[in-house]
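*Asks:* sequence first, then the predicted structure, then my questions.
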Amino acid sequence: MTQAEPPQLGWWLSPVLLLSVPVELLTAGRDGLFLLLLVSVAPLLALLFPQPSTPPSWNHSTGRLAAILILLMVGTILWANLTLAGDVAVWLGGSRWSGAAVAGGGMVALAALGEDERRGRLLGLLALLGLALPLLVVLRATDPVPSRVWSRVASQAAFRFSPESPWVNEGRSVRARRGADTLVFEEEHRLIPLTDGRMRVTISDGRRLRVEELLVTRGRPVTLRPGDRLHVDGRARYRFEAGKRIPGAPASGIVWADAPLRPRGVAFLRLLGLGVTLVGGAAALFTLGEPRSRGGTALWGLLLLAAVVWSECWAVYGAAYAPELFLGGVTPEKLLELPALVLGEPWGRWLVGVVLAGLLAGMLAAAAALRQTLGHMSTAGVAPARVPAGQNAGEPPARVPAIEEGIGQDWRLWGGLVGLAGLASLWPFDAWTLLSLAFGLGASTLAPLVVVGGRPRAAMGATAVGFALFVGLAVLGRLAPAQGNIILSFPALIAAPAAWGILWLARRLSPEAE
């Protein structure tokens with residue numbers, strides 16, 4: 001690996017990140033533009049931070065701690081991507097382990113071929129080509145002007161089942177998003193079960209709710225009234241009524257596009273939490289990367305810009321021409337069906353395959369970038385600006401443990417890391433939550449170290465406080481989830497300022513350390 005290589009931005013093409021933007025746009029409407037904005041500017045803001053040739057004022061212990069934190073970040077990002085691969089495999093009708101095995105096997109095989117910056121760029125280009133081609137076909141088959149499509153969605157009175165919808169014609173099962181296993185009906189609806197069995201319904205009777213289990217027969221309609229809730233498990237299949245509102249969709253296009261779905265204060269705190277998490281996590285990876293090349297950075301910047309444009313268009317055209325994506329809650333794997341819902345058979349299904357190939361290429365590009373970051377940890381070194389206490393002036397500077405001679409270069413050790421992430425992905429978890437935890441960990445621990453610096457003792461203290469606060473708040477958020485609690489959703493909002501504050505205070509109290 002040469003020092004002339006540009007920094008890898010390929011990990012920003014992670015499919016989890018790319019698909020989270022249209023999911024947020026479809027789920028939160030105008031509020032989702034916050035995530036779109038941050039995904040666009042976070043890597044650019046992170047590149048504005050100074051990139052020292054060696055991280056400032058670290059000793060061997062601090063460098064070893066940084067290496068462990070980088071491993072945790074990389075392992076969690078891999079876990080998020082392999083979890084998404086498992087979700088996609090389940091959506092396709094396969095098993096979770098098969099999706100993780102295909103994606104993980106590709107990561108290990110790519111590592112076995114050795115380091116090659118051009119290969120990473122090629123994978124990035126293939127990823128965007130695989131994503132852009134189906135979108136261009138959808139644009140040509142519908143309306144090639146995205147702004148006009150946005151206006152159409154923003155002005156429609158409701159999101160309804162079309163007569164051509166697969167859920168109206170042949171009928172399909174409904175897989176609800178995790179944590180939301182009910183469909184809420186806003187108007188009377190004749191639902192036709194396509195399997196015999198039991199239907200569990202929460203019936204609205206004035207101000208009271210009661211749960212009933214109905215014995216249903218295939219083909220015999222069941223009438224649900226406004227306010228009724230159908231409990232779904234993903235196995236039973238139903239036919240819905242054409243022209244009726246889609247359960248789970250926004251009240252109208254006007255509400256989706258114009259009305260904020262969150263209180264202003266909550267929206268601001270969420271934007272701040274997302275900003276600290278994404279910018280801080282990107283800074284942690286960038287500042288430990290290779291020296292920057294303008295040409296390489298510009299190329300990756302263009303790829304990232306194209307990816308963000310794709311994410312926005314995918315959400316807008318999904319809301320306009322495939323509103324069934326709202327049914328049961330919007331999830332990343334369901335977004336892949338957009339070409340099939342718009343174009344039908346057989347071309348729609350072929351284009352879904354192209355999207356899957358593009359996402360796999362993006363996942364491999366992200367893995368190559370993460371492996372490059374691990375490999376560079378030892379070549380960057382940790383040369384202290386001053387000789388820390390306890391180290392003789394004649395001793396060589398302390399360095400980060402030689403990850404490059406291990407995981408960074410040995411594809412078998414890298415395969416072990418991928419294997420651990422793959423095993424963890426067999427436990428269903430939200431991929432976006434994992435990715436935000438990885439970036440939040442970097443923002444709370446590594447970003448203050450590599451940007452602000454400080455004496456080794458202060459650096460260790462700041463890292464310990466940031467890590468403890470981040471892990472404590474993250475665990476509390478899992479044990480006692482509170483809907484809308486921004487602090488528990490984005491622990492870095494508290495942990496990162498605490499770590500930065502300790503380093504700032506240490507520099508003020510010991511200015512001679514500068």
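*Replies:* Now that the structure is in, tell me what you want to look at.

*Asks:* give the other helices and strands that whatever helix or strand residue 215 lives in contacts.
*Replies:* Here residue 215 sits within strand 208-216, counting by DSSP states H and E. For strand 208-216, the packing partners by 3 or more Cβ pairs under 8 Å, 6 or more residues apart in numbering; DSSP states H and E come out as strand 197-205. Yep, even glycine has a C-beta here, placed from its N, CA and C like the rest.

*Asks:* from residue 428, how far off is residue 372?
*Replies:* Taking Cβ to Cβ, to the nearest Å as the measure, residue 372 falls 30 Å from residue 428.

*Asks:* between the two, who's got more neighbours?
*Replies:* residue 372 (22 against 12; other Cβ atoms under 10 Å).

*Asks:* am I right that residue 191 is in a helix?
*Replies:* No - Residue 191: not assigned to a helix; according to DSSP: H, G, I helix; E, B strand; the rest coil it is strand.

*Asks:* that one contacts residue 220, doesn't it?
*Replies:* No - at 10.2 Å, residue 191 does not count as touching residue 220 under the criterion of Cβ atoms under 8 Å.

*Asks:* neighbour-wise, which of the two wins?
*Replies:* The neighbour comparison of residue 191 against residue 220 (other Cβ under 10 Å) goes to residue 191, with 22 against 10.

*Asks:* can you check the pLDDT for that one?
*Replies:* Per-residue pLDDT puts residue 191 at 90.

*Asks:* dig out what it forms beta bridges with.
*Replies:* Beta-bridge partners of residue 191, counted by DSSP bridges, are residue 222.

*Asks:* got the contact list for it?
*Replies:* Taking Cβ atoms under 8 Å, 6 or more residues apart in numbering as the contact definition, residue 191 lies against 221-224, 230, 238-241.

*Asks:* which parts of the stretch 201-350 of the chain are strands?
*Replies:* Along the stretch 201-350 of the chain, counting by DSSP state E, counting those that start in this stretch, strands occupy 208-216, 222-224, 229-231, 237-239.

*Asks:* give me the contact list for the second one.
*Replies:* Strand 222-224 is contacted from outside by 185, 188-193, 199, 201, 214, 216, 230, using Cβ under 8 Å, 6+ apart.

*Asks:* which one among those gets closest to residue 96?
*Replies:* residue 230 (25.5 Å; Cβ to Cβ).

*Asks:* residues near that closest one, how many?
*Replies:* 22.

*Asks:* next one: residue 263
*Replies:* For residue 263, using other Cβ under 10 Å, the count is 10.

*Asks:* any idea how far it lies from residue 150?
*Replies:* 25 Å.

*Asks:* give me the number of neighbouring residues for the closest residue to residue 142 other than its chain neighbours.
*Replies:* Nearest non-adjacent residue to residue 142, counting by Cβ to Cβ, 6 or more residues apart in numbering: residue 321, 5.6 Å away. Neighbours of residue 321 under the rule other Cβ under 10 Å: 21.

*Asks:* ok, now residue 233?
*Replies:* 11.

*Asks:* for it, what are its contacts?
*Replies:* residue 181.

*Asks:* just checking, residue 467 touches residue 446?
*Replies:* No - look at residue 467 against residue 446 with Cβ under 8 Å: they stay out of range, at 10.0 Å.

*Asks:* looking at those two, which one has more neighbours?
*Replies:* More crowded of residue 467 and residue 446, by other Cβ under 10 Å: residue 446, with 27 against 19.

*Asks:* what about the more buried one, distance to residue 434?
*Replies:* 18 Å.

*Asks:* and for residue 244?
*Replies:* On the measure of Cβ to Cβ, residue 244 and residue 434 end up 36 Å apart.

*Asks:* do the same with residue 277
*Replies:* For residue 277, the distance to residue 434 - Cβ to Cβ - is 12 Å.

*Asks:* out of these two, which sits in the more crowded spot?
*Replies:* residue 277 (28 against 23).

*Asks:* check contacts around the more buried one.
*Replies:* Residue 277 neighbours (Cβ under 8 Å, 6+ apart): 436, 439-440, 443, 490, 492-493.

*Asks:* any idea how far residue 80 is from it?
*Replies:* From residue 277 to residue 80 the distance is 13 Å (Cβ to Cβ).

*Asks:* just residue 318 next, same as before
*Replies:* Applying Cβ to Cβ to residue 318 and residue 80 gives a distance of 22 Å.

*Asks:* residue 365 too?
*Replies:* 15 Å.

*Asks:* cool, residue 303 as well?
*Replies:* Residue 303 is 20 Å from residue 80, by Cβ to Cβ.

*Asks:* looking at those two, which is more packed in?
*Replies:* residue 80 (30 against 21).

*Asks:* quick one: residue 461 and residue 498 touch, right?
*Replies:* No - between residue 461 and residue 498 there is no contact under Cβ under 8 Å: 10.7 Å.

*Asks:* return the residues in contact with the nearest residue to residue 89 once chain neighbours are set aside.
*Replies:* Residue nearest to residue 89 in three dimensions, not counting chain neighbours: residue 99, with 2.8 Å by Cβ to Cβ, 6+ apart. Taking Cβ under 8 Å, 6+ apart as the contact definition, residue 99 lies against 82, 85-90, 92.

*Asks:* please repeat the previous calculation with a cut-off of 10 Å.
*Replies:* 82-92, 333, 422, 425 (Cβ atoms under 10 Å, 6 or more residues apart in numbering).

*Asks:* now swap in residue 326 and tell me
*Replies:* Per Cβ under 10 Å, 6+ apart, neighbours of residue 326: 26-27, 159, 245-250, 256, 318-319, 334.

*Asks:* and the two most separated of these?
*Replies:* Top of the distance list for the contacts of residue 326 (Cβ to Cβ): 245 and 334, 18.4 Å.

*Asks:* between the two, which has more neighbouring residues?
*Replies:* Counted by other Cβ under 10 Å, residue 245 and residue 334 do not tie: residue 334 has more neighbours, with 25 against 22.

*Asks:* isn't that one up against residue 314?
*Replies:* No - between residue 334 and residue 314 no contact is recorded; they are 11.8 Å apart, counting by Cβ atoms under 10 Å.

*Asks:* residues in contact with the lowest-mean-pLDDT helix or strand in the chain?
*Replies:* One helix or strand of the chain scores below all others by mean pLDDT, DSSP states H and E: helix 486-489, with a mean of 75. The contact list for helix 486-489 (Cβ under 10 Å, 6+ apart) reads 262, 265-274, 277, 433, 436, 440, 473-483, 493-494.

*Asks:* write the ChimeraX selection for whichever of these are buried.
*Replies:* If you want just the buried ones from those in ChimeraX, going by 16 or more other Cβ atoms under 10 Å, the selection is:
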select :262,267,269,270,271,273,274,277,433,436,440,473,474,477,493,494
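
*Asks:* the contacts of helix 486-489 in helices, which ones?
*Replies:* Judged by DSSP state H, the subset of the contacts of helix 486-489 located in helices is 265-274, 277, 433, 436, 440, 473-479, 493-494.

*Asks:* rounded mean pLDDT for the longest helix anywhere in the chain, please.
*Replies:* Secondary structure of the chain per DSSP H: the longest helix is helix 347-380. In this model, helix 347-380 carries a mean pLDDT of 83.

*Asks:* which helices and strands sit right next to the helix or strand immediately after it in the chain?
*Replies:* Using DSSP H and E, the helix or strand that directly follows helix 347-380 along the chain is helix 411-425. If you count contacts as 3 or more Cβ pairs under 10 Å, 6 or more residues apart in numbering; DSSP states H and E, helix 411-425 packs onto helix 60-91, helix 96-112, helix 347-380, helix 431-444.

*Asks:* many thanks, have a good one.
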